[in-house]
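Undergrad: What would the 3D arrangement of this be:
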Amino acid sequence: MRIAIDARLKYYRPGGIAEYTRHLVLALAELDAETRYIILHHVRDRETLAPAANFRRVSTLTPSHHRHERWLLSAELLPRRLDVYHTPEGILPQHAAPHQICTVHDVHYLHFPQYMTPESRRYYNDQIVRSLRQAEHILVPSQATKTDLITLLDVPPEKITVHPLGVDDQFRPADRETIAAVRARYGLPQEYLLFVGTFEPRKNLPGLFEAYALMRDEAPEPPPLVLVGRRGWLTDTIDAAVERLELQPSLIWIEHAPRHDLPALYSGAALLALPSHYEGFGLTALEAMACGTPPVVANRSSLPEVVGDAGLLVDPDDPAALARAMRTLLADSDLRATLRARGLARAAEFTWRRTASMVLEVYRRAAAL
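TA: Here you go, the predicted structure:
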């Protein structure tokens, strides 16, 4: 069996899907020493993701998200005589293998089209719908995403497998010395609130800022809000909220932090705030829990599935409720300790090995047809 996994996106866009692909490949290498895996890279990508003898890099010329990608990539892959092709980003070429599988992480563009550029909205609407019809099987990270595919896009339930994502082993409580060193490096105080993610409208940063302003208007003054991530698209409303609420002195922006600093940034925080309007999985909440940091998250989409009883759930459209939840956690050390213990135990259940074993079963079922 010859299985191709498309890793081209990691050259263009570091982040969630690239990390998903990386961890999936590494875990598959631990589970399966017999199948021949072809890992597709863009020709300019200097990193080779081939962790075992049965994994081989194949370089391609076709860039991710090219307007003619579906045809160009098909032409490149046709001579490879693949049995299974898997795209981790939900977009399939016209034909790559007899059995084609895609991972769909979320369909936020259907719920909140206003949070995307017109060009991106057109691209996803056209390509994802076509790929869902074309795919033999679809992998999703949460029951929430599966429900969306069934109710919004009329995908048959039997065509979908939920495979919860894992958390990297590096995410665990950091020791005091490491936390102190990272605090010093970024100029952080002893106590701070944390957001981790892309700075884009879907993450509901204006709502978080409204809640923080409510906390600031009460006594005592809240700890500063630290925002770790990178700027995405349509950030004008985010910048406008900061100006309108006069929050500049209370916010600390850390863009493009090295991944190895994240465990200490999580571990040093009093809480993680993730009031997103929509998350396909909510990996940052899981990473915070694995580091012993209690999350305050939106009570919608996949976040309740991930957090369970290890965090506080709030209506993301209610800044006052979000402010109360953050105030409660800051004031109640017993609650923080309880949620910390629950979070550590719950995060331990989410492993990439389990994720990869579910994907491998899908590969084998497809190839056996």
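Undergrad: Please enumerate the helices of the stretch 1-150 of the chain.
TA: 9-12, 16-31, 69-77, 108-111, 118-134, 143-153 (DSSP state H, counting those that start in this stretch).
Undergrad: Relative to T351, which of those is closest?
TA: Closest to T351 of these is helix 16-31 (CB to CB; 8.2 Å). C-beta here means a position set from N, CA and C on the backbone, and glycine is covered the same way.
Undergrad: Who are the packing partners of the closest one?
TA: strand 2-6, helix 9-12, strand 36-42, helix 352-368 (3 or more CB pairs under 8 Å, 6 or more residues apart in numbering; DSSP states H and E).
Undergrad: Buried residues of that helix, list them for me.
TA: 16-29 (16 or more other CB atoms under 10 Å).
Undergrad: Kindly report the same for stretch 5-19.
TA: Buried residues in stretch 5-19 (16+ other CB under 10 Å): I5, D6, A7, R8, L9, K10, Y11, G16, I17, A18, E19.
Undergrad: do stretch 122-130 as well
TA: Those would be Y123, Y124, Q127, I128, for stretch 122-130 by 16+ other CB under 10 Å.
Undergrad: Leaving out the residues flanking it, which one is nearest to the third one?
TA: Leaving aside its chain neighbours, Q127 sits nearest to I91 (4.7 Å; criterion: CB to CB, 6 or more residues apart in numbering).
Undergrad: gap between the one you found and Y20?
TA: Counting by CB to CB, to the nearest Å, the gap from I91 to Y20 is 14 Å.
Undergrad: tell me the residue furthest from the middle of the protein?
TA: A219 (34.9 Å; CA atoms, centre = their mean).
Undergrad: wait, which of the helices of the stretch 1-150 of the chain is closest to L271?
TA: helix 16-31 (21.6 Å).
Undergrad: How far off centre is the closest one?
TA: Chain-centre distance of helix 16-31: 13 Å, with CA atoms, centre = their mean, to the nearest Å.
Undergrad: what angle do that helix and strand 36-42 make?
TA: 160 degrees (axes from the mean of the first three to the mean of the last three CA atoms, to 10 degrees).
Undergrad: what about dumping the CA coordinates of helix 16-31 to PDB?
TA: C-alpha atoms of helix 16-31 as PDB (Å, rounded to 0.1, in the frame of the first residue of the first chain):
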ATOM      1  CA  GLY A  16      -2.300  24.500  13.300                       C
ATOM      2  CA  ILE A  17      -2.700  22.400  10.100                       C
ATOM      3  CA  ALA A  18       1.100  22.300   9.700                       C
ATOM      4  CA  GLU A  19       1.500  21.000  13.200                       C
ATOM      5  CA  TYR A  20      -1.300  18.500  12.700                       C
ATOM      6  CA  THR A  21       0.500  17.100   9.700                       C
ATOM      7  CA  ARG A  22       3.800  16.900  11.500                       C
ATOM      8  CA  HIS A  23       2.500  15.100  14.500                       C
ATOM      9  CA  LEU A  24       0.400  12.800  12.500                       C
ATOM     10  CA  VAL A  25       3.400  11.700  10.400                       C
ATOM     11  CA  LEU A  26       5.600  11.200  13.500                       C
ATOM     12  CA  ALA A  27       3.000   9.200  15.300                       C
ATOM     13  CA  LEU A  28       2.300   7.000  12.200                       C
ATOM     14  CA  ALA A  29       6.000   6.200  12.000                       C
ATOM     15  CA  GLU A  30       5.800   4.800  15.500                       C
ATOM     16  CA  LEU A  31       2.700   2.700  14.700                       C
END
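Undergrad: For that helix, which outside residues touch it?
TA: Helix 16-31 is contacted by residues 5-7, 9-10, 37, 39, 49, 51-52, 54-55, 88-89, 103, 105, 165-166, 168, 283, 352-353, 355-357, 359-360 when judged by CB atoms under 8 Å, 6 or more residues apart in numbering.
Undergrad: Tell me the buried residues within these.
TA: Buried among the contacts of helix 16-31 by 16+ other CB under 10 Å: 5-7, 9-10, 37, 39, 49, 51, 55, 88-89, 103, 105, 165-166, 168, 283, 352, 355-357, 359-360.
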